[in-house]
Every structure is written in structure tokens, then in C-alpha cells.
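Enquirer: 3D, please:
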Amino acid sequence: RTDADVVREKHRFLWDRDDGAARRRPTWGDGGGSDGLTWEEKLAKRYHDRLFKEYALADMSRYREGAIGLRWRTEREVLEGRGHFSCGNKACASTGPLTSYELLFRYDERGATREALVKLRCCDACAYKLHYRKNKERRREERREERRRARREGKARKRRRSEGGGEGDDE
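Expert: The predicted structure follows:
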């Protein structure tokens, strides 16, 4: 098992300040340190501490399903301006007009649902992908409301015809 495997297994999107402190109480000579984390967790935490958390990068390959993945930027990506001066979508390198978004990112981690506010910068084409599901639901609701309104108008028209039609035949 390599260090990369350990980091992949123990990685967390966000670490709480008190993570691990109350979970395990170190005993004399166990080498656990005062923070109560195992060496695997320490390795993953050290990797997490080296990431830049101002802006995130997004994987929008499954945007139609509403599944957008986010991750923090590495030092190399920060130096390249990725996600700040260019689009934050993994598959897009646009440097055109970018817009900043603050997203409530809801994700599952270790069997628990967590939420985090994350900043993301993206171009207009990727912003469409970012808001695709919400816009689709909004359009669907507008179509439903339009059908309901047309149905109500049709019933009202029928009612007026039936009320007014009988009187017009007598003359």
C-alpha cells in the first residue's frame, strides 16, 4: 500500500479543527502524538493542508444528472491560474469573461452527508452546465403551470358556451 493509496482512502474534502482529538486518547509510548490521529490520517491531513482552498475546480462531465464533483487546487494549478484566471471546469480552459459563484456543495463522506460553501469561477458555457438542473426544473414547472392555466381557461370557455349557447338558440 503506497502513500497515495492511503491519502486516497483517508482523504476528506474538509477537515474539522477538532477531528481526531476526541476519538482516540494516546497512551504512553504509542507514538500517536497529542492530536489522536493515526499516521494514515496525519498523512491525509498533511496533504489537505497543502491544498489551496480559495477556489475549487469542478468536474462537470455528469452535469445532466446533477452530479458535479469539486476538489481543491494544488500549488501547480494556483501558479498556472487554473480556476482563478481561467475557467474552473476541469475540461475547459477558457480565459474569457469569468463569473464567481458561491455554491452550497452537498456531498457524502464516510456515510454522512456534509455541506460546504465553496467558491468557483467559470465561463458562461460552464455556468450553463453548473445551473443546468435547476434551470431544467424551472422550465418544467413553467410548462406545468402553462398547461394548468390553459386547462382552466378551456373549462371556463366551455362553461361560458354552455351558459350562453342555450339562450342564443331561443331567438
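Enquirer: per-residue pLDDT, the residue nearest to the spatial centre of the chain?
Expert: Centroid-nearest residue in the chain, with C-alpha atoms, centre = their mean: residue 105, separated by 4.0 Å. pLDDT, residue 105: 84.
Enquirer: would you verify that it is located in a strand?
Expert: Yes - checked against DSSP: H, G, I helix; E, B strand; the rest coil, residue 105 lies within a strand.
Enquirer: wait, doesn't it sit right on residue 130?
Expert: No - with contact defined as C-beta atoms under 8 Å, residue 105 and residue 130 do not form a contacting pair (11.5 Å). Every C-beta, even on glycine, is put in place using the N, C-alpha and C of the backbone.
Enquirer: and for the two, which residues touch both?
Expert: Counting by C-beta atoms under 8 Å, 6 or more residues apart in numbering, residue 105 and residue 130 have no contacts in common.
Enquirer: mean confidence for the helix ranked longest in the chain?
Expert: Taking DSSP state H as the criterion, the chain has its longest helix at helix 132-170. Averaging pLDDT along helix 132-170 yields 83.
Enquirer: measure residue 113 to residue 37 for me?
Expert: Separation of residue 113 from residue 37 (C-beta to C-beta, to the nearest Å) stands at 23 Å.
Enquirer: quick one, which of the two is more surrounded?
Expert: Per other C-beta atoms under 10 Å, whichever of residue 113 and residue 37 has more neighbours is residue 37, with 21 against 8.
Enquirer: need phi/psi at that one.
Expert: phi -100, psi 150 (degrees, to the nearest 10).
Enquirer: with residue 111 instead?
Expert: According to degrees, to the nearest 10, residue 111 has phi 80, psi 0.
Enquirer: count the neighbours of it for me.
Expert: If we define neighbours as other C-beta under 10 Å, then residue 111 has 5 of them.
Enquirer: show me where the chain has its strands.
Expert: 52-62, 67-73, 99-109, 112-122 (DSSP state E).
Enquirer: make TSV out of those strands and add distance to residue 15.
Expert: Formatted as TSV, those follow (distance: least, C-beta to C-beta, whole Å):
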stretch	distance to residue 15
strand 52-62	11
strand 67-73	11
strand 99-109	11
strand 112-122	11
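Enquirer: so which of these gets nearest residue 137?
Expert: Checking the strands of the chain against residue 137 by C-beta to C-beta gives strand 67-73 as the closest, at 15.2 Å.
Enquirer: for residue 51, grab the count of nearby residues.
Expert: 14.
Enquirer: next up, the contacts around it.
Expert: So residue 51 contacts 72-74 (C-beta under 8 Å, 6+ apart).
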